[in-house]
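Peer 1: Need a 3D model of the following:
(3 chains)
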Amino acid sequence: MPAPDNRAAPSPRITLHSLSKFFGRFIALDRLSLVFEPGEFVVVLGRNGAGKTTLLRTLALLLLPSEGELKFDSHPASRLPHSFKQRLGFVGHEIALYDDLTAEENLRFFARLYGIADGPRRAAEVLAEMDLAQRAQSRVRNLSRGLKQRLALARAWLHQPDILLLDEPATGLDAPTRERLHEWLARCHQSGRTVIASSHDLAESLRPATRVLLLESGRVLFDGPNAPNLAEELRAKLVTAAREGAR
Amino acid sequence: MSAWRVATALLRKDLRAEWRTKDVSTAILLFGFTIAVSFAFAFKPTPDEARLIAGGLLWLGFLFSAVLGLNRGFARETANNCLEALRLAPADPGSLYLGKLLSNLLLLLLAELVLLPVFGVFFNLTLWARPGWLLLILLLGTWGVAALGTLFSAVSANTRMQELMLPLLLLPLTVPVLVAAVDLTTLLLAGRPMSEGGLQFRLLAGFDIIFTLLCWLLFGYVLEE
Amino acid sequence: MSDSTYHRVSLAVFAATVALLLYAFYQVFFIVPTEVKMGVVQRIFYIHMPSAVVSFNLFFVVCIASIGYLKTRRLAWDSVAVAAAEVGTVFCATVLITGPIWAKPVWGSWWAWDPRLTTTLILFLIFVGYLMLRLYVEDRNRRALLSAVVGIIGFADVPIVYMANRFRGQHPAPVLGGGEGSGLAPEMLTTLLWSLAALHALGLLLFLQRYRLEQMRTEVNELYRALRA
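Peer 2: Residues are numbered from 1 along each chain as shown, chains lettered A, B, ... in the order given. The predicted model follows:
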């Protein structure tokens, strides 16, 4: 179980105002205006290249917007001090872990980086939570893809961030592990944290979320609460968008 | 102070990884050794000639090996995109720079200490007559190379040419270090009083301080996306 | 700057450059007396020295533009930087080519480790490194950012390179620069000033063309994006 909630302030509210991100001529995000309230559980869907990764990386402050604004609780992201990143947790496409260090050494290093008091104890705690205790002394190089992914999630959770940003977190995980991931995310969400996760698999990922965002070509195609037959509706929308794009 | 905490965390992590893999050290040592041998074959100096040119050969060898070592050192961060994890952390990029600088400096110095006797053997040099001065020159010179090299290895990792960009950028810029360090080493080997090198020492120290400061300030920009 | 302003300025600079170049050419080959010791070849000094001054000034511009970009993130600054760097490299190369051409007949050797010439050589290498870096970074903003960092560091290095070479006393260096006006006859000074003006005008002309080209590229990208949206 995630540790009991001992945060001083609630999750920040995230506001995007006409936010665009360009890579040369390619428009990754196209004038997005969105609000993420504290404590939402949002799943971001879309095809490859729709902008999911770019959105998450922008929210994680890894990318600077080309145009428009990003705010956390009405503070512009560009003015935030580096210490604000204490409140963000991110898992991307690459695991960002050191191959030649063990799982435990990796977590201890990041614990030091995040200034976590009694880092070694916390690292052991998180390893146990993620069911990685037996492989704690294995070098990351020798871990399977699924275990690496779990370790990456462990690292994101190490400092108990207020906002969890996960880019296709279920990649490389087998079915039972995916189930456990969904449960774990649900628990994080229940403790009042904001969770924003992306996926390219419509049916599989919808269940735990409260809100669904569908992106296509950097724009929002659908933004609404999660509902039982949403998958079908979204698929239809995507097909229409594809046909219109081809014209 | 958290900047120091971040820098030392990076340093410890790098040393630990280096202890496991010895990536950087082997690169510097093997290449340095090869260069020393190549120089010995190419020049075959008499003992008197050796004392005149050894300073140059030594520092050229160090510089070229350092380029290799710096590239390898940074490659550790680009593998698995670990750099992203560093950028995510609530750490000021300046402290990340300091951490990498310290680990690069340490590894380069250690390798140079091993390479010195190698050069000493091939060129019949008496290196250890004034070890204090030798170590000071080594430290000041290597610091200058590491200060710029740490920043530029990050810059070159961003380009299509990758490792090739580092020497292209670094070698012209470290000419003052090369010039001053070679002159000082030549003075040392010739048995001359080190007070004659006052200007060079001041030049090296100034270079080190100025560029460590500049690179510390500018490192954040290099990490941006 | 708008198109019409640009064209007017460009035309004015072009006219001034042609006039100055012609007059300077006339000065160098018909007015100024032949130098006593070195002979006719000394006239190359009137290209050599002003080119060095222009290239240093342009490198200074690169540094300022780099700082400008880092502070404002406006790509116009980056266009200034690349334009100044490319033109500066050409002038720098001119210095390095005219130096040996002058040195060989006068002093008997192609190269001398004169601190000024040596610094120009390093400056040239830094310029080239800067341009090569730009060649190999795809993304426009990333390219601007990284070049700005290199530009600032490169510029900070140049005075230190000069100082480092000044202290290398071993070779008595033949003074290729002739001194900034020290010991120069008044007629030579006049010619030198005209050459300086002419080459600066040429530098400005080339800079403007290159700057405009870079700005147009940026505009094309923006148009592409506007079409897609």
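
Peer 1: Let me know whether residue C:81 touches residue C:69 as I believe.
Peer 2: Yes. Using Cβ atoms under 8 Å, residue C:81 is in contact with residue C:69, at 6.7 Å. In this view, the C-beta of every residue, glycine as well, is placed from N, C-alpha and C.

Peer 1: got any residues that touch both of those two?
Peer 2: C:144, C:148 (Cβ atoms under 8 Å, 6 or more residues apart in numbering or on different chains).

Peer 1: what's the neighbour count on residue B:161?
Peer 2: A count of nearby residues for residue B:161, using other Cβ atoms under 10 Å in any protein chain shown, gives 14.

Peer 1: OK, contacts around the closest residue to it other than its chain neighbours?
Peer 2: Once flanking residues are discounted, residue B:161 sits nearest to residue C:136: 4.6 Å by Cβ to Cβ, 6 or more residues apart in numbering or on different chains. Residue C:136 makes contacts with B:159-161, B:165, as judged by Cβ under 8 Å, 6+ apart.

Peer 1: For chain A, what's the nearest residue on chain C?
Peer 2: Closest approach of chain C to chain A (Cβ to the nearest Cβ) occurs at residue C:224, with a separation of 4.5 Å.

Peer 1: who touches that residue in this structure?
Peer 2: residue A:25.

Peer 1: Can you give the distance of the helix or strand harbouring it from its chain's centre?
Peer 2: Using DSSP states H and E, residue C:224 sits in helix C:186-228. Distance of helix C:186-228 from its chain centroid, counting by Cα atoms, centre = their mean, to the nearest Å, is 11 Å.

Peer 1: can you count the residues close to residue A:129?
Peer 2: When neighbours are counted by other Cβ under 10 Å, residue A:129 comes out with 17.

Peer 1: what does the one 3 residues further on give?
Peer 2: Burial of residue A:132 is recorded as 20 neighbouring residues (other Cβ under 10 Å).

Peer 1: now do residue A:76
Peer 2: Neighbourhood size, residue A:76 [other Cβ under 10 Å]: 12.

Peer 1: my read: it touches residue A:65, true?
Peer 2: No. Between residue A:76 and residue A:65 there is no contact under Cβ under 8 Å: 10.3 Å.

Peer 1: Helices of the chain, start to end?
Peer 2: No chain specified, so I'll use chain A. A:52-59, A:103-113, A:119-129, A:145-157, A:175-190, A:202-205, A:230-246 (DSSP state H).

Peer 1: I was after chain B.
Peer 2: Counting by DSSP H, chain B has helices at residues B:2-21, B:23-43, B:47-78, B:82-88, B:93-123, B:131-157, B:165-173, B:175-189, B:198-223.

Peer 1: could you dump those to TSV with mean pLDDT?
Peer 2: Below are the helices of chain B laid out as TSV (pLDDT from 0 to 100):
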stretch	mean pLDDT
helix B:2-21	93
helix B:23-43	90
helix B:47-78	90
helix B:82-88	94
helix B:93-123	93
helix B:131-157	94
helix B:165-173	93
helix B:175-189	93
helix B:198-223	95
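
Peer 1: JSON lines please, covering these and showing distance to residue A:123 and mean neighbour count.
Peer 2: Below are the helices of chain B laid out as JSON lines (distance: least, Cβ to Cβ, whole Å; neighbours: other Cβ atoms under 10 Å in any protein chain shown):
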{"stretch": "helix B:2-21", "distance to residue A:123": "13", "mean neighbour count": "18"}
{"stretch": "helix B:23-43", "distance to residue A:123": "25", "mean neighbour count": "18"}
{"stretch": "helix B:47-78", "distance to residue A:123": "21", "mean neighbour count": "21"}
{"stretch": "helix B:82-88", "distance to residue A:123": "15", "mean neighbour count": "22"}
{"stretch": "helix B:93-123", "distance to residue A:123": "19", "mean neighbour count": "21"}
{"stretch": "helix B:131-157", "distance to residue A:123": "28", "mean neighbour count": "23"}
{"stretch": "helix B:165-173", "distance to residue A:123": "34", "mean neighbour count": "23"}
{"stretch": "helix B:175-189", "distance to residue A:123": "41", "mean neighbour count": "24"}
{"stretch": "helix B:198-223", "distance to residue A:123": "25", "mean neighbour count": "19"}
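
Peer 1: ok, the closest residue to residue B:181 other than its chain neighbours - contacts?
Peer 2: Once flanking residues are discounted, residue B:181 sits nearest to residue B:141: 3.7 Å by Cβ to Cβ, 6+ apart. By Cβ under 8 Å, 6+ apart, residue B:141 lies in contact with B:59, B:62, B:177, B:180-181, B:204.

Peer 1: Kindly report the same for residue A:241.
Peer 2: Residues in contact with residue A:241 (Cβ under 8 Å, 6+ apart) are A:216-217, A:221.

Peer 1: Need the pLDDT of it.
Peer 2: The predicted structure scores residue A:241 at 80 on the pLDDT scale.

Peer 1: if I look at it, how far off is residue A:222?
Peer 2: Residue A:241 sits 10 Å away from residue A:222 when distances are taken as Cβ to Cβ, to the nearest Å.

Peer 1: Okay, now the unreliable bits of chain A?
Peer 2: Counting by pLDDT under 70, the ranges of chain A that qualify are A:1-9, A:202-207, A:245-247.

Peer 1: Quick check, the residue in it closest to chain C?
Peer 2: Nearest residue of chain A to chain C (Cβ to the nearest Cβ) works out as residue A:25 at 4.5 Å.

Peer 1: and that residue, what does it touch?
Peer 2: By Cβ under 8 Å, 6+ apart, residue A:25 lies in contact with C:221, C:224-225, C:228.

Peer 1: Give me the buried subset of those.
Peer 2: By neighbour count, with 16 or more other Cβ atoms under 10 Å in any protein chain shown, these hold residue C:225 as buried.

Peer 1: Mind picking the lowest-pLDDT entry from the contacts of residue A:25?
Peer 2: Among the contacts of residue A:25, residue C:228 has the lowest pLDDT, at 75.

Peer 1: Hmm, residue A:28 and it touching each other?
Peer 2: No. Residue C:228 is beyond contact range of residue A:28, at 11.4 Å (criterion: Cβ under 8 Å).
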